[in-house]
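Asker: Provided below for reference: sequence and predicted model.
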Amino acid sequence: MAKPVQIEVWNPNGKYRVVSTKPMPGTRWINLLIQQDCRVEICTQNKTILSVEDIIALIGDNCDGVIGQLTEDWGDALFSALSKAGGKAFSNMAVGYNNVDVNAANRYGVAVGNTPGVLTETTAELAATLSVAAARRIVEADEFMRGGLYEGWLPHLFVGNLLKGQTVGVIGAGRIGSAYARMMVEGFKMNLIYYDLYQATRLEKFVTAYGQFLKANGEQPVTWKRASSMDEVLREADVISLHPVLDKTTYHLVNKESLAVMKKEAILVNCSRGPVIDEVALVEHLKANPMFRVGLDVFEDEPYMKPGLADMKNAIVVPHIASASKWTREGMATLAALNVLGKIKGYPIWSNPNSVEAFLDENSPPPAACPSIVNAKAIGLPVSKL
Ligand SMILES: NC(=O)c1ccc[n+]([C@@H]2O[C@H](COP(=O)([O-])OP(=O)(O)OC[C@H]3O[C@@H](n4cnc5c(N)ncnc54)[C@H](O)[C@@H]3O)[C@@H](O)[C@H]2O)c1
Ligand SMILES: O=C(O)[C@H](O)CO
């Protein structure tokens, strides 16, 4: 049994007990819970990643629901503890839920919530930021200036990659991948090639329409192409951004062999999950190809980087901040809380997890529904008709 953990309690006499394993941005998520007669217990322990034992101690012997984090191992042990405590509601404060054993949750009839949609543009904006920063060697140039090394303008100083008219590649053209693709096409007039298991029809229509607009104005139209394989994207694109889910089909999707088919001066960006890239192979590729550049927000062994990565000047590395805007993180907290609250109150599941704006309007009460439950069908939850 882990030692008792530090907690902050809201509405101590609430009928339902909801635990949050981390303090989360904003207060709307707390108010929405306490207004519905929940006692909210927030773990304030100064420990970045809680262990299974820590969370079992938090759950205790009476708990109606838990809001957890992507850094936590939500499997049989935690869902068993939550079920024994009388709880059937869990939500990740994240859209990705590869840290959750959904089959284990199904065995205990626990709903698994996630937070899609609210973080789409914020995440895509960081992927675009890393793309441009890598293309124009911003971090290297900043360090050069701060190091007092600048002696005046030079023709070859920090020459990087032009984006306009080049090809942007997207692996995983879902919500975020499509938003990123549009930013790079509409913002930098790049041509798109994407690979996904499903056709990104809406994205294709946007790019077609933008191309027609440019042509009507006497400019070179942009184009799109759906690749028949991931390698086709890696071979043709100048900038490639990874936005698939992490599952057994995308683990080490980018490896030594796929890196070898990429252009020697290509840019690779990863704002999905670290294990989508074989990071050991990436470090070797960066060492052997100084003109190849990466922008990484996620890492295979977070919070650690594989040996050598931190020394690479052709790598930009940031600590999993792609969804880190105030509005977005407060919205994620709200969606996660409403997933748990909705399950506790017996609400149906929202019919479109790609459109969650109704839950984010601070001036009106949220719909009486769970924004996004990934195993709703498996545990027989009804879908809202709202
Ligand atoms: N770095 C961050 O802070 C951050 C923020 C948000 C999301 N994410 C990650 O991004 C992922 C995507 O989020 P989303 O909202 O766009 O999800 P999404 O479900 O809308 O899109 C994921 C896409 O990946 C595609 N895909 C699945 N397997 C594939 C494969 N083998 N090859 C190619 N494509 C494949 C799916 O068809 C889908 O279109 C999340 O699962 C999460 O892990 C990271
Ligand atoms: O999956 C997610 O939502 C991110 O990794 C955190 O925002």
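Answerer: Yep, it's here. Ligands and ions are numbered 1, 2, ... in the order given.

Asker: and the gap between Y108 and V374?
Answerer: 15 Å (C-beta to C-beta, to the nearest Å). C-beta coordinates here come from the backbone N, C-alpha and C atoms, glycine included.

Asker: neighbour-wise, which of those two wins?
Answerer: V374 (21 against 18; other C-beta atoms under 10 Å).

Asker: does any part of the stretch of helix or strand T122 belongs to sit near ligand 2?
Answerer: Using DSSP states H and E, T122 sits within helix 120-135. No: residues of helix 120-135 contacting ligand 2 under C-beta under 6 Å from any ligand atom: none, with a closest distance of 7.0 Å.

Asker: Quick one: name whatever helix or strand follows that helix.
Answerer: Next in line after helix 120-135, if elements are assigned by DSSP H and E, sits helix 138-146.

Asker: what does this structure put close to ligand 1?
Answerer: Near ligand 1, when you scan the chain using C-beta under 6 Å from any ligand atom, you find 95-96, 116, 119, 123, 171-177, 195-198, 243-246, 249-250, 271-273, 297-298, 320, 322-323.

Asker: Can you tell me which of those residues are classed as buried?
Answerer: Among the residues of the chain next to ligand 1, those classed as buried by 16 or more other C-beta atoms under 10 Å are 95-96, 116, 119, 123, 171-177, 195-196, 243-244, 246, 250, 271-273, 297-298, 320, 322-323.

Asker: what about the strands in the stretch 1-150 of the chain?
Answerer: Along the stretch 1-150 of the chain, the stretches classed as strands by DSSP state E, counting those that start in this stretch are 7-10, 16-20, 38-43, 65-68, 89-92, 111-113.

Asker: Nearest to V283, out of these?
Answerer: Smallest distance to V283 across the strands of the stretch 1-150 of the chain (C-beta to C-beta): 29.5 Å, for strand 89-92.

Asker: The buried ones among the residues of the chain next to ligand 1 in strands, which ones?
Answerer: When DSSP state E is applied, these are split such that 171, 195 fall in strands.

Asker: Tell me where the longest helix sits in this protein.
Answerer: As assigned by DSSP state H, the longest helix anywhere in the chain is helix 326-345.

Asker: which of the residues in it are buried?
Answerer: For helix 326-345, by 16+ other C-beta under 10 Å, it's 328-345.

Asker: swap in stretch 88-99?
Answerer: 88-99.

Asker: can you check stretch 284-294 too?
Answerer: 285-286, 289, 292-294.

Asker: what's the answer for stretch 179-188, then?
Answerer: Of the residues in stretch 179-188, 179-185, 188 count as buried by neighbour count, 16+ other C-beta under 10 Å.

Asker: Format these as TSV; extra columns: pLDDT, secondary structure and distance to ligand 2.
Answerer: As requested, the buried residues of stretch 179-188 are exported to TSV (pLDDT from 0 to 100; DSSP: H, G, I helix; E, B strand; the rest coil; distance: C-beta to the nearest ligand atom, whole Å):
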residue	pLDDT	secondary structure	distance to ligand 2
A179	98	helix	14
Y180	99	helix	14
A181	98	helix	19
R182	98	helix	20
M183	98	helix	18
M184	98	helix	20
V185	98	helix	24
F188	98	helix	25
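
Asker: Ligand 1: which of those is nearest?
Answerer: Ligand 1 lies nearest to A179 out of the buried residues of stretch 179-188, by C-beta to the nearest ligand atom, at 8.0 Å.

Asker: May I ask you to confirm that G152 belongs to a strand?
Answerer: No: under DSSP: H, G, I helix; E, B strand; the rest coil, G152 falls outside any strand and is assigned coil.

Asker: nearest residue to the closest residue to ligand 2 within the stretch 101-250 of the chain other than its sequence neighbours?
Answerer: Among all residues of the stretch 101-250 of the chain, L119 sits closest to ligand 2, at 5.4 Å; criterion: C-beta to the nearest ligand atom. Nearest non-adjacent residue to L119, counting by C-beta to C-beta, 6 or more residues apart in numbering: S323, 4.0 Å away.

Asker: give me every residue that touches that neighbour.
Answerer: 94, 119, 122-123, 126, 329, 332 (C-beta atoms under 8 Å, 6 or more residues apart in numbering).

Asker: how about the residues of the chain near ligand 2?
Answerer: Residues of the chain lying near ligand 2 (C-beta under 6 Å from any ligand atom): 70, 94-96, 119, 323.

Asker: Could you identify the most distant pair in the residues you listed?
Answerer: Going by C-beta to C-beta, the pair spanning the residues of the chain next to ligand 2 furthest: L70 and L119, at 11.8 Å.

Asker: what's the burial count for the spatially closest residue to T328 that is not a sequence neighbour?
Answerer: Counting by C-beta to C-beta, 6+ apart, T328 lies nearest to T122, which is 4.2 Å off, once chain neighbours are set aside. Residues lying near T122 (other C-beta under 10 Å) number 21.

Asker: Assess the claim that T122 and E330 are in contact.
Answerer: No: T122 is beyond contact range of E330, at 11.4 Å (criterion: C-beta atoms under 8 Å).

Asker: if I look at the two, which residues touch both of them?
Answerer: By C-beta under 8 Å, 6+ apart, no residue touches both T122 and E330.

Asker: which ones are touching L268?
Answerer: Contacts of L268 (C-beta under 8 Å, 6+ apart): 240-242, 254, 259, 262, 277, 282, 292-295.

Asker: Which other helices and strands does the helix holding T122 contact?
Answerer: helix 175-188, strand 239-242, strand 267-270, strand 293-296, strand 315-317 (3 or more C-beta pairs under 8 Å, 6 or more residues apart in numbering; DSSP states H and E).
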